[in-house]
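Peer 1: let me see the structure of the following:
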Amino acid sequence: MAGRRTAVLISGGGSNLQALIDATEAGRCAAELALVISNRAAAFGLERAARHGIPAVVVDHRSFASRAAFEALLDRQLREAEIELVCLAGFMRVLTPGFVDAWRDRLLNIHPSLLPAFPGLHTHARALEAGCRVHGCTVHLVRPTLDDGPILVQGVVPVLADDDTERLAARVLEVEHRCYPLALDLLARGEARIEADRVTLPVGVDPLVLHPELAGHALQP
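Peer 2: Okay, the predicted model is just below:
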């Protein structure tokens, strides 16, 4: 049986798009990747989509006089493709409250920090500056406030003594590629339920993904 029709919005290389493709093709994610939209024609993620036979379109934000006009075409493309769920995967445009509310509880984002810590940009540098012992990523349902919304899945990595932003970012990306397919699967299967703006999951479903270097460690203060 086909999974819920899902679109992925990208702006660049699409490594999280590839993780979603791999998971759906392997049967580990109950979604059908039915559309990829990029706001940049040069995004390598478009080639990833083509390699796997996923329809893809470019909607260049620079061609529109307003954000509202840009998002109106985005919305039309999604609805014409009968999309049910939307994943933001390195999509470098802030969406307006109107668009977010229209896709409420069907719009996912992945952010490279353990939200609510470090919303916004430069998360790895900020984690290092703060002396964090752990860092990670969060897959959440999108709300009008930037990097806010009910949390579906989080991935946790250690921060090592010799880390710089590049090494830490690479470690976080490893768990991103595990977290996003898991979060999409939970939503597509209907196992993630949103109650009072919080996500509840069935007993036995673990929404925490640990980096291998944390295996066997208890995450306690």
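
Peer 1: return the backbone torsion pair for the most centrally placed residue in the chain.
Peer 2: Nearest residue to the geometric centre of the chain (Cα atoms, centre = their mean): Ile110, 3.0 Å. For Ile110, the backbone dihedrals (degrees, to the nearest 10) come out as phi -120, psi 130.

Peer 1: run through the bridge partners of it.
Peer 2: Beta bridges link Ile110 to Val139, judged by DSSP bridges.

Peer 1: strand partners (parallel or antiparallel) of the worst-scoring helix or strand of the chain on mean pLDDT?
Peer 2: Every helix and strand of the chain was ranked by mean pLDDT, DSSP states H and E. The lowest is strand 193-195, at a mean of 93. Note on strand 193-195: by DSSP bridges, its sheet partners are strand 198-200 (antiparallel).

Peer 1: next, the buried residues of the strand it pairs with.
Peer 2: Neighbour-count burial for strand 198-200, counted by 16 or more other Cβ atoms under 10 Å, picks out Val199. Using the backbone N, CA and C atoms, a C-beta is placed for each residue, glycine as well.

Peer 1: beyond it, next helix or strand please.
Peer 2: strand 208-210 (DSSP states H and E).

Peer 1: who does that next one touch, helix- and strand-wise?
Peer 2: Applying 3 or more Cβ pairs under 8 Å, 6 or more residues apart in numbering; DSSP states H and E, one finds that strand 208-210 makes contact with strand 151-158, helix 165-188.

Peer 1: check what contacts that strand and list those residues.
Peer 2: Residues outside strand 208-210 that contact it (Cβ atoms under 8 Å, 6 or more residues apart in numbering): Val153, Gln154, Gly155, Val156, Val175, Arg178, Cys179, Leu182, His217, Leu219.

Peer 1: likewise for stretch 180-196?
Peer 2: By Cβ under 8 Å, 6+ apart, stretch 180-196 touches 3-4, 6, 16, 19-20, 22-24, 28-31, 85, 87, 89, 105, 108, 110, 139, 141, 150, 152-153, 199-202, 205, 207, 209.

Peer 1: what do you get for stretch 47-58?
Peer 2: Contacts for stretch 47-58 (Cβ under 8 Å, 6+ apart): 14, 17-18, 21, 25, 33-41, 46, 77, 81.
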